[in-house]
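A.B. asks: can't give you the sequence, but here's the structure:
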């Protein structure tokens, strides 16, 4: 059965959030709009839903799954510690298109961390997503496409490619696309591991103000 598409509107946020919460509570898979592309959301502590996500995505071994939060207070259950560089970058660029790789909390599923001991977290500034996550709580945020295929910018593209495998698609219109989030690892040497929307020079400047620096091996 094809996933139901429900249209996002400011006035319907409470109803949509209840619907998303119910689907996630039943091991469901939801496509949500982000500031770049549509993403696949499951409850990040739900092992059954995570296994389903890996199957639908066709995810390669060794690739962790991003977690999206709707408020800074939602970070705690996912991280073992917050390194100084993370605090600087969170204050400067969150909410926004910056994924920070933290030391993962003890017990966080290998289906999220891929056994790396780390977890990537993003606090999105995209209003439709933030409106929902503040009510629903954290979700996974890997792009809503099978691995190796282009990420989708519209609900219709998600429906065409993955509709039979999903339970719900939230349609907030076309997402901006463009560059993905910048990904930075702060667990030791501060490394940019994916260039993206936030420029390297902006990150380096913020770190330097606090006596911190990007590692020379940063991409």
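C.D. replies: Done, it's in. Just so we're clear, the structure is a prediction, and the values are computed from it rather than from any experiment.
A.B. asks: distance between stretch 45-59 and the chain's centre?
C.D. replies: Distance of stretch 45-59 from the chain centroid (C-alpha atoms, centre = their mean, to the nearest Å) equals 15 Å.
A.B. asks: hang on, I meant stretch 190-199
C.D. replies: How far stretch 190-199 lies from its chain's middle: 15 Å, per C-alpha atoms, centre = their mean.
A.B. asks: distance between the ends of it?
C.D. replies: Start-to-end span of stretch 190-199 (C-alpha to C-alpha, to the nearest Å) is 15 Å.
A.B. asks: same check, this time on stretch 162-172
C.D. replies: Stretch 162-172 stretches 17 Å from its first residue to its last (C-alpha to C-alpha).
A.B. asks: residues in contact with that stretch?
C.D. replies: Under the criterion C-beta atoms under 8 Å, 6 or more residues apart in numbering, residues 1-8, 16, 19-20, 23, 26, 28-33, 38, 40, 56, 128, 132, 144-146, 154-155, 158-159 lie in contact with stretch 162-172. (C-beta placed from N, C-alpha, C; glycine too.)
A.B. asks: Weed out the non-buried ones from these.
C.D. replies: The neighbour-count test (16 or more other C-beta atoms under 10 Å) marks 3, 5-6, 8, 16, 19-20, 23, 28-33, 38, 40, 56, 128, 132, 144-145, 154-155, 158-159 as buried among the contacts of stretch 162-172.
A.B. asks: Now intersect those with the helices, please.
C.D. replies: Using DSSP state H, the subset of those located in helices is 16, 19-20, 23, 56, 128, 132, 155, 158-159.
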